[in-house]
Each structure stands twice: as C-alpha cells, then as structure tokens.
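S.K.: Dropping a prediction and its sequence here:
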Amino acid sequence: MTPPADIERLLVEEFAREHAVKPNGAARTLASLRPLDALAIYKREFPTPVFVIEGLLPRGLTLGAGRPKVGKSWLALQLAVAVAFGEPALGRFHVPMAGRVTYLALEETEGRTHRRLKQIIPTADARLQNILFLFQAKPLMSGGAAELDAFLAAHPSELVIVDTLLAFVAAHSSRQDVLRSDYSEVNTLRQIAEKHSTAILCVAHSRKAAGDAVDSIIGTSGTTAACDSVWQLQRLPTGEASLTLKGRELEEALYALKFSTSPPYGWQVTGEGAEVGMSAE
C-alpha cells in the first residue's frame, strides 16, 4: 500500500531534523546514497512471501478491523486454533504447518476465553497448549514492545494476535502529534513481526460508515500506512458478513462468511467475489 501524502510530509520533516545544524554550529554531513541498478535487482533471488495461513495471513503486520460486536474476536480466536492445530481456517484456508500462537487478550477475562474455547473446541485437545494467552501487558510504547520482543525470543510463535490494538497502545490524549504517534506505534509492531519472522494480527475498530477497508479503520492514516495488510469484517443485510482483504503480499479478495452456532462453531466461508452479498434465493 502506498504511503499517503501526510506520511510523505513526515519523511520530509524527519529529513530536516536529521540534517539540521548541530549545537556547535556545524551542519551534519549528508549520508552517502548507495544506488542499486534495476538489472541487479532483477537478477537477484528473493525469498517468496511466507503465509501462516495461505491466501489469508502472511508474515508481517495485519490489521483486522470491524465494528464493535461484529465478531472480530471470534474470528481471531478461530484463526489461533487453526494455526495451533494445523487445520484449515474458516473451512477454507490451508495452514501449512501447526505452530505456537501468542494471544494478547487485552479486553477480556480468562472466563470469557474459557467459554469461547469450549464452544469452538467441545472436547479438550492437547494441541491447545500451542496457544499462550497474555491477559495483561504494558502499553506498547511504554515497555510493552520490549516485553513482547523478549517474550517472542523465549517463545517463538508462528502467529501473534493483539486483541485489541487500542488496548495495547493505550493511547494518551496528550500526544502532540497523533499522526506521527500512530505511525510509530504500528511500525514498531511491524518491526517486531519482521524480527521474529512471525505474523502479527491486530484487531482494530472501524468507523460506523461503510467504506474502503483502509479508510474505515479508526485512527489517522499513519495507522494503516505502516502495516502490511488490512482486513475489514462487515455485517451484510443478508445476515451474513463480508471479509475484505488488501495488502502488499496479499491478493485483494472478498469473502462471504456465516456464523454457525452448531459444529463447526464460528465463522465459515460461504462464498467469494461475486457471491458475496447474494441472498439465499
């Protein structure tokens, strides 16, 4: 996703600060630019993007947004179970390899997590030990980032879920430059994902008015500029929901989802593309 104009402004300001006059009056020297020609890039071998859930969740930072009570946390928990078990997600998406999941459940209690797990997995399964829940964490930019970095170093994880981004950031109204703060916070999570070769899925809130998946996320454009992909979960008039996917390494896609209260419990994909929003008739 191309950084918006206001992010360009931030880069210009950063450049100006970097090359400002030092206290002793001497100007900072401009760092040497090191070009790489297009042919060299063309011939170079680069690793292909790694997907924790094929077609849905690549390594890197993903923001999954939706209105309150739309079912974002159910979706996140189902994906955590799918990765921990190495089983298809939402009845559709292949999980290449089972792995550990670190789940920051910052807006719910252990009791609620217990009840939701029992609904998704009626019988105790040893593979549930692959999911490690954290119900408390320091604010991201006040020690939380260092805590998460150290935790992932000790407990390497295929997937990290942050539910919710707002709870982890614990934003303060006293922030002078909200745009810069939003970008810095999200970019910090993206760097953690890159450092630990993991996928981080942050549950976020979207605005009431329907719209583009990127524009609908609550926050400044700095929030979405730093992430690798964006999801939007929306309720449809048919009673189902739509899941929109956009990202750098993710093909833009649209899926229809239906929430089932009978086994398998939770969200299941029922259609794709033109099928989304169609009535039963």
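M.R.: Right, received. Where do you want to start?
S.K.: quick one, helices of the stretch 101-250 of the chain?
M.R.: In the stretch 101-250 of the chain, the helices defined using DSSP state H, counting those that start in this stretch lie at 110-120, 144-154, 165-169, 178-195, 221-225.
S.K.: mind listing what's buried in the first one?
M.R.: Burial within helix 110-120, assessed by neighbour count using 16 or more other C-beta atoms under 10 Å, is assigned to Thr113, Arg116, Leu117, Ile120. C-beta coordinates here come from the backbone N, C-alpha and C atoms, glycine included.
S.K.: Tabulate the helices of the stretch 101-250 of the chain in CSV, adding columns for mean pLDDT and distance to Gln78.
M.R.: Formatted as CSV, the helices of the stretch 101-250 of the chain follow (pLDDT from 0 to 100; distance: least, C-beta to C-beta, whole Å):
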stretch, mean pLDDT, distance to Gln78
helix 110-120, 96, 6
helix 144-154, 97, 22
helix 165-169, 91, 19
helix 178-195, 83, 20
helix 221-225, 61, 24
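S.K.: Need the per-residue pLDDT for Tyr103.
M.R.: At Tyr103, the pLDDT value in this model is 98.
S.K.: measure it to Arg116 for me?
M.R.: Separation of Tyr103 from Arg116 (C-beta to C-beta, to the nearest Å): 11 Å.
S.K.: list the residues that contact both of the two?
M.R.: Common neighbours of Tyr103 and Arg116 (criterion: C-beta atoms under 8 Å, 6 or more residues apart in numbering): Leu77.
S.K.: coming back round to it: mind putting the buried residues of helix 110-120 in a markdown table, distance to Ala153 included?
M.R.: Listed next are the buried residues of helix 110-120 as a markdown table, based on distance: C-beta to C-beta, whole Å:
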| residue | distance to Ala153 |
| --- | --- |
| Thr113 | 25 |
| Arg116 | 29 |
| Leu117 | 27 |
| Ile120 | 29 |
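S.K.: Mind telling me the two of these farthest from one another?
M.R.: Spatial extent of those (C-beta to C-beta) is set by the pair Thr113 and Ile120 at 10.7 Å.
S.K.: what sits in contact with each of these two?
M.R.: Residues touching both Thr113 and Ile120 (C-beta under 8 Å, 6+ apart) are Leu77.
S.K.: now the strands for the stretch 151-281 of the chain?
M.R.: Counting by DSSP state E, counting those that start in this stretch, the stretch 151-281 of the chain has strands at residues 159-163, 199-205, 229-235, 241-247, 253-260, 266-272.
S.K.: want to throw those into JSON lines with mean neighbour count and mean pLDDT?
M.R.: JSON lines is the format used below for the strands of the stretch 151-281 of the chain (neighbours: other C-beta atoms under 10 Å; pLDDT from 0 to 100):
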{"stretch": "strand 159-163", "mean neighbour count": "26", "mean pLDDT": "97"}
{"stretch": "strand 199-205", "mean neighbour count": "26", "mean pLDDT": "93"}
{"stretch": "strand 229-235", "mean neighbour count": "23", "mean pLDDT": "91"}
{"stretch": "strand 241-247", "mean neighbour count": "20", "mean pLDDT": "92"}
{"stretch": "strand 253-260", "mean neighbour count": "18", "mean pLDDT": "94"}
{"stretch": "strand 266-272", "mean neighbour count": "18", "mean pLDDT": "93"}
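S.K.: ok, the residue lying closest to Arg100 once chain neighbours are set aside - contacts?
M.R.: Excluding the flanking residues, the one nearest Arg100 by C-beta to C-beta, 6 or more residues apart in numbering is Ser157, at 4.5 Å. Going by C-beta under 8 Å, 6+ apart, Ser157 touches Gly99, Arg100, Val101, Thr102, Leu132, His196, Thr198.
S.K.: Could you work out the most separated pair of those residues?
M.R.: In terms of C-beta to C-beta, the contacts of Ser157 reach their longest pairwise distance at Leu132 and His196, which sit 13.9 Å apart.
S.K.: These two: who's more crowded?
M.R.: Comparing Leu132 with His196 by neighbour count (other C-beta atoms under 10 Å), the higher total belongs to His196, at 20 against 16.
S.K.: any idea whether the most centrally placed residue in the chain is helix, strand or coil?
M.R.: Closest to where the C-alpha atoms of the chain average out (C-alpha atoms, centre = their mean) is Thr62, at 2.4 Å. Per DSSP: H, G, I helix; E, B strand; the rest coil, the secondary structure class of Thr62 is strand.
S.K.: Tell me if I'm right that it and Ile200 touch.
M.R.: Yes: at 7.0 Å, Thr62 counts as touching Ile200 under the criterion of C-beta atoms under 8 Å.
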